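# The following comprises the amino acid sequence and a computationally predicted model.
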Amino acid sequence: MSSAPHTVNDYKTDLKPVWCPGCGDFGVLNSVYRALADLQREPHETVVVSGIGCSSRLPGYVATYGFNSLHGRALPIATGVKVAAPNLTVLAVGGDGDGIAIGGNHFMHAARRNVDITYLMMDNEIYGLTKGQAAPTTPSGDRTKSTTYGNPEQAVDPCALAISFGSTWVGRGFSGDVKGTTELMKLAILHHGFAFLNLISPCVTWRGDDQFKALRAKLRAVPEGHDRTDRAAALRLTSEDDHLTAGVLFEEQRTTLVEELMEIRGRAGAGLARPTRGEILRSFAPA
Amino acid sequence: MRDLTLAFVGAGGDGAVAAGDIVASACASKGLHIIKTEAYGPQIRGGESSSTVRVSGEPIHAQSDAVDVLVVFSWADFGRFRDEIALADKAIVFHERGDEPPEAIASRTCFGVPFAALAREAGAAGAKNVLATGLVAGALGLPLDAIRSAIARRFAKKAPAVIESNLRIFDRGVLEAASLGPLALEQFTYETGTPKLLMSGNEATALGAIHAGCRFFAGYPITPSTEILQFLGEWLPKLGGSMLQTEDELSAIGATIGASFAGTKAMTATSGPGLSLMAELLGLASIAEIPTVVVNVQRGGPSTGLPTKSEQSDLFQAVYASHGDTPRVVIACSDVEESFHATVDAFNIAEEYQFPVIVLSDQSIAQRRQTVDEVRLQHEVRDRRYPGPEDLQDYQRYRSRPDGVSPMSVPGMAGGIYQTNGLEHDEQGRPSASFQVHEAMNQKRFDKLEAVAERYRLFHRFGAERPEVGVICWGSSVGVLHEALQKMGEEAGRVGVFAPIMLAPLPRHNMQTFIDSCDSILVVELSYSGQFHQYLLSQVDLPRQATSLYSRSGGKPLLASEIVKALQPLLVANRMEVLA
């Protein structure tokens, strides 16, 4: 099975995406196919986990093991998968509302724990599946279906959060640039630790062509000389109002959750003889 | 007397809990039966504490209603527990000399003993709990050698001089008992037997999980379930497994589901507030058919409620939580040993039938320590149905089978690839909003529940063969019913008890047969609104004119005497019918 190299088509299911024509998520999906094929990840040793939202439909379109779960809960489930089966390639995917609003707490802790998974956030600055309400990423003042008089809240930058939370790899890509996004995705998957890739994925239906054009106009590559191991520099870079910086913003090496848990097993004495039933029960024996 | 309850009460540092531990451990080593409970003031650390130990040569099923021997280091600290500690009529009380008992207590036989002064003379004033232990042991005839061994074990890590000093203080206490003269209370008598294990319900639950093959646990600390997390955090790594302390209960059950999806037997444990948070993910485990074990240790509710007290008011939540038609299995445990078996059953059913399974325990079981016979901690372990080579030819994750159970592949298995879904899905796992698919899949999932109901008819049935009054109860109430029947003597011959272990699906047929064999029915539970009674109304035919309910709020353990009292009018009424 693993002798012939996998092609992009090996990663496609026969399910037709529910996305609107022109949706940025198509570009992300194509990048997922290409990244997995380029890295020759075995489909049966790969798991894609998602929450709920337009973009969370993605696992159904990828012919690996997949789990389209509940709104906001992709990361806890992906964490459980990775700890239980550390040899698997695990991708968590979803939208900005899924990952920052309802699932925001898990984002912080998956990053902090440095779970060795890749988290792809398809960021369209809107709630698409429920047809056009404001998300935590919707710019202040924007009119949406839920902000008739303009959004009263300040938007949050997912990359700034990811860096602050302790992600060990943070990047940003643009769904319209399938080639560039594929390369970023490969780096994210190859990264040893929690890799967060923010994917600007415009919603043509609820944000219109203008959003697509505006976002593309703001895009620029990571400037030369950026020290991606410099957390403060990475935060500055992602926080510039006039630009959306695409590329690898931050990277560091830190022990992963699974490595820590393996280390704990060693400290607990696993690897020596496993404790027998009698030994465990002895701790309850009064004599 | 063959059944004795001791209580030690004092301030933090008085060693009331340690004294109870020493007695309990010593008696367990002699093969006696023990139930030990503790209670604390609200302080996070220190503060007043009480420790109650029931010792018996015969099997015991609950705390006793009243304390026979009370040791009080300070009446000020006793005040906090006054409502929780009832004294037997013949109770004897030992208290620090000079600290006089309140009026309500003074009518009992009280002895003022200079605990601290005697302990100081014998070696160390701080060891007044050891002195009191010697006093009580000497006065009542507890096994002195076993207690000496228990003291030596307790201080085994200290210098030999510390052990010697404590043994000397203990002996001084025993000597002091001789000076009390004859007591109104009989001596404790017993036969020794094989040493027993002493563990809490939470520990038994954790042991059950390990026995069943659980190698992943995720949880968020919450009283009164936290000991499960702590125990598994210590032992799972030794066994090549992992414990993950998550950021909240959503994450705890999410990670549990993820680990199980990836092929590892996994569990989470919580209490009512945590189960509330887990409700949506329970539904996910149900529709995606992922084996998931959730232990819920009940406490008083709603909301934060009474975090350290017991109640049986999470029944509705366990049976009904989550939106939609959501089949799940609910198993209750009624004592410490059954916490082990219920947990293994939960894994067996979860794995074999791909269900979320909730184990319902409660604070009174989970945090009491009780003796268990090691030989009884055995239970058949069953595993998941994996796809064979034939299934993998054209694998469909949710392919229908007569019993609804489709073999489950796990990531890493070539040929077993599927994408699962919290959306309704077809046999391949592909999302579907079709009515036909939804209907068929609901049926598939509920067929599994039927299969579980068919195979697992778990219940307790004791008391009269053909009862006049049939009592139906569950969980921690079951032990109290045992005690009540013992208290009733001959009258008990007219009472029978049926207590389902499996609450969902209920062993309905067996329960109905029981109900139909009784003249009248009494439902007993610790829930103000009578959740169990309401649930039974939807499940079985209760005789409309002949069913009564004894239910009240938790916060205070159910007493055997309460049950006896509740049964009296029913027994009289039946007798009158017979006479008529």
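It's in.

# Please verify my assumption that B:P102 contacts B:L87.
No. Here B:P102 lies out of contact with B:L87, judged by C-beta atoms under 8 Å, at a distance of 11.7 Å. Just so you know, the C-beta spots here come from the backbone N, C-alpha and C atoms, and that holds for glycine as well.

# How about the contacts made by the residue nearest to B:L458 when sequence neighbours are not counted?
Closest residue to B:L458 apart from its sequence neighbours, by C-beta to C-beta, 6 or more residues apart in numbering or on different chains: B:I501 at 3.7 Å. Residues near B:I501 by C-beta atoms under 8 Å, 6 or more residues apart in numbering or on different chains: B:I331, B:A332, B:C333, B:S334, B:E338, B:A342, B:D345, B:L458, B:F459, B:H460.

# got it, and A:N87?
A:E45, B:G412.

# could you measure the residue located most distally from the centre of chain B against A:P275, distance?
Distance from the C-alpha centroid of chain B peaks at B:Q393, with 46.2 Å (C-alpha atoms, centre = their mean). Separation of B:Q393 from A:P275 (C-beta to C-beta, to the nearest Å): 41 Å.

# Spatially nearest residue to the closest residue to chain B within the stretch 101-250 of chain A (excluding sequence neighbours)?
Nearest residue of the stretch 101-250 of chain A to chain B: A:H109, at 4.2 Å (C-beta to the nearest C-beta). Distances taken as C-beta to C-beta, 6+ apart place B:E247 nearest to A:H109, at 4.2 Å, with adjacent residues excluded.

# and the one you found, which of the three is it?
coil (DSSP: H, G, I helix; E, B strand; the rest coil).

# quick one on the thing from earlier: neighbour count for B:P102 and B:L87, which is higher?
B:L87 (18 against 10; other C-beta atoms under 10 Å in any protein chain shown).

# thought that one was touching B:S64?
No. Counting by C-beta under 8 Å, B:L87 stays clear of B:S64, with 11.3 Å between them.

# coming back round to it: in a strand, that's where the residue of the stretch 101-250 of chain A closest to chain B is, yeah?
No. With three-state DSSP as the criterion, A:H109 is helix rather than part of a strand.

# what's the neighbour count on it?
18.

# again with B:Q568
Applying other C-beta under 10 Å, I find that B:Q568 has 12 neighbouring residues.

# Doesn't it lie inside a helix?
Yes. Counting by three-state DSSP, B:Q568 falls inside a helix.

# next one: phi and psi at the nearest residue to B:G463 once chain neighbours are set aside?
Once flanking residues are discounted, B:G463 sits nearest to B:G496: 4.0 Å by C-beta to C-beta, 6+ apart. Torsion angles at B:G496 (phi, psi; degrees, to the nearest 10) stand at phi -120, psi 150.

# Quickly note the distance from B:G496 to chain A.
From B:G496 across to chain A, the span is 34 Å (C-beta to the nearest C-beta, to the nearest Å).

# Kindly state the beta-bridge partners for that residue.
B:G463, B:G470 (DSSP bridges).

# my read: it touches B:I472, true?
No. With contact defined as C-beta under 8 Å, B:G496 and B:I472 do not form a contacting pair (9.8 Å).

# so where do the helices sit in chain A?
Using DSSP state H, the helices of chain A run over A:24-38, A:74-84, A:96, A:104-113, A:158-165, A:178-190, A:208-218, A:231-238, A:257-268, A:277-282.

# just checking, what packs against the first one?
Judged by 3 or more C-beta pairs under 8 Å, 6 or more residues apart in numbering or on different chains; DSSP states H and E, the packing partners of helix A:24-38 are strand A:118-123, helix A:178-190, strand A:195-200.

# The nearest residue to B:T52 once chain neighbours are set aside: neighbouring residues, count only.
What sits nearest to B:T52 in space, not counting adjacent residues and going by C-beta to C-beta, 6+ apart, is B:A7, at 4.5 Å. When neighbours are defined as other C-beta under 10 Å, B:A7 has 29 of them.

# again, but for B:E351
23.
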